[in-house]
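1. no sequence on this one, just coordinates:
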């Protein structure tokens, strides 16, 4: 049986491909991973989040949000990724090899779907924790109602600081003083189950 040859790409190769590509891909340690399309619920929640975050940041001129077309880079582990929403506070800092790629997010928000939930909770969260500027990581479930906020402590540990699983609940992204009502985040979604969102989803 012949061995399967794995193509290893440089960061420069990846960035050149992304510039010409019609779809988005992530990069990690020489491998390129095409990102799958999202469900209507995922997209609706992301749009609702974008609006709520934008409104909250109007009073914080030093912070601004970017949607899923904004690429970030983590020099410590080589990951290039497109989070659903990124918030940056203070001047943008850019990757050395690409001046359109941000390296200093303060908040990252990911909308979980059935295919990506485990990755977003597991390996991806581990990679994101290498970002020195990151203060909070927010997960919003697109299958069941559920929002979880992980927060970095002063001694550089990450704790589940807030969670909510009912439409009537709200959560606060502390670092940007943004209080989010879950009923607003899930407005316009279809077949989302109110109640506890299991970690496997």
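-> Done, it's in. Fair warning: this is a prediction, and the values are worked out from it, not measured in the lab. Numbers count the residues shown, from 1 in each chain.
2. how about the nearest residue to residue 183, chain neighbours excluded?
-> In space, and not counting its chain neighbours, residue 183 is closest to residue 167: 4.4 Å by CB to CB, 6 or more residues apart in numbering. From N, CA and C alone the C-beta is placed, and that goes for glycine too.
3. Is that neighbour part of a helix or strand, or is it coil?
-> Secondary structure, DSSP: H, G, I helix; E, B strand; the rest coil: residue 167 is coil.
4. Residue 188 too?
-> Per three-state DSSP, residue 188 ends up coil.
5. roughly how far apart are it and residue 146?
-> 17 Å (CB to CB, to the nearest Å).
6. Which residue of the two possesses the greater neighbour count?
-> residue 146 (26 against 10; other CB atoms under 10 Å).
7. got any ranges where this structure has weak pLDDT?
-> Applying pLDDT under 70 to the chain flags the ranges 1-6, 195-201.
8. if we go to 80?
-> For the chain, the stretches flagged by pLDDT under 80 are 1-6, 36-37, 191-201.
9. Check it for its longest helix and report it.
-> As assigned by DSSP state H, the longest helix anywhere in the chain is helix 40-57.
10. Sheet-wise, list the partners of the helix or strand that comes right after that helix with their directions.
-> Sequence order places strand 63-66 as the next helix or strand after helix 40-57, per DSSP states H and E. Paired neighbours of strand 63-66 in the sheet (DSSP bridges): strand 85-89 (antiparallel).
11. Not counting its own residues, what contacts the strand it pairs with?
-> Contact with strand 85-89 is made by 46, 49-50, 53, 57, 60, 62-68, 70, 72, 102, 104-109, 173, 175-176, as judged by CB atoms under 8 Å, 6 or more residues apart in numbering.
12. how about the strands in this structure?
-> 25-28, 31-34, 63-66, 72-74, 79-81, 85-89, 94-95, 98-102, 107-112, 136-141, 147-152, 158-164, 170-173, 178-181 (DSSP state E).
13. The ones you listed into CSV, with extra columns for distance to residue 41 and mean neighbour count?
-> Converted to CSV, the strands of the chain look like this (distance: least, CB to CB, whole Å; neighbours: other CB atoms under 10 Å):
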stretch, distance to residue 41, mean neighbour count
strand 25-28, 22, 18
strand 31-34, 21, 13
strand 63-66, 21, 18
strand 72-74, 24, 21
strand 79-81, 21, 22
strand 85-89, 16, 22
strand 94-95, 32, 16
strand 98-102, 27, 15
strand 107-112, 9, 25
strand 136-141, 10, 25
strand 147-152, 14, 21
strand 158-164, 18, 15
strand 170-173, 19, 19
strand 178-181, 17, 18
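14. Including distance to residue 11, could those go into JSON lines?
-> JSON lines is the format used below for these (distance: least, CB to CB, whole Å):
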{"stretch": "strand 25-28", "distance to residue 11": "7"}
{"stretch": "strand 31-34", "distance to residue 11": "10"}
{"stretch": "strand 63-66", "distance to residue 11": "21"}
{"stretch": "strand 72-74", "distance to residue 11": "9"}
{"stretch": "strand 79-81", "distance to residue 11": "8"}
{"stretch": "strand 85-89", "distance to residue 11": "20"}
{"stretch": "strand 94-95", "distance to residue 11": "9"}
{"stretch": "strand 98-102", "distance to residue 11": "8"}
{"stretch": "strand 107-112", "distance to residue 11": "21"}
{"stretch": "strand 136-141", "distance to residue 11": "24"}
{"stretch": "strand 147-152", "distance to residue 11": "27"}
{"stretch": "strand 158-164", "distance to residue 11": "27"}
{"stretch": "strand 170-173", "distance to residue 11": "31"}
{"stretch": "strand 178-181", "distance to residue 11": "33"}
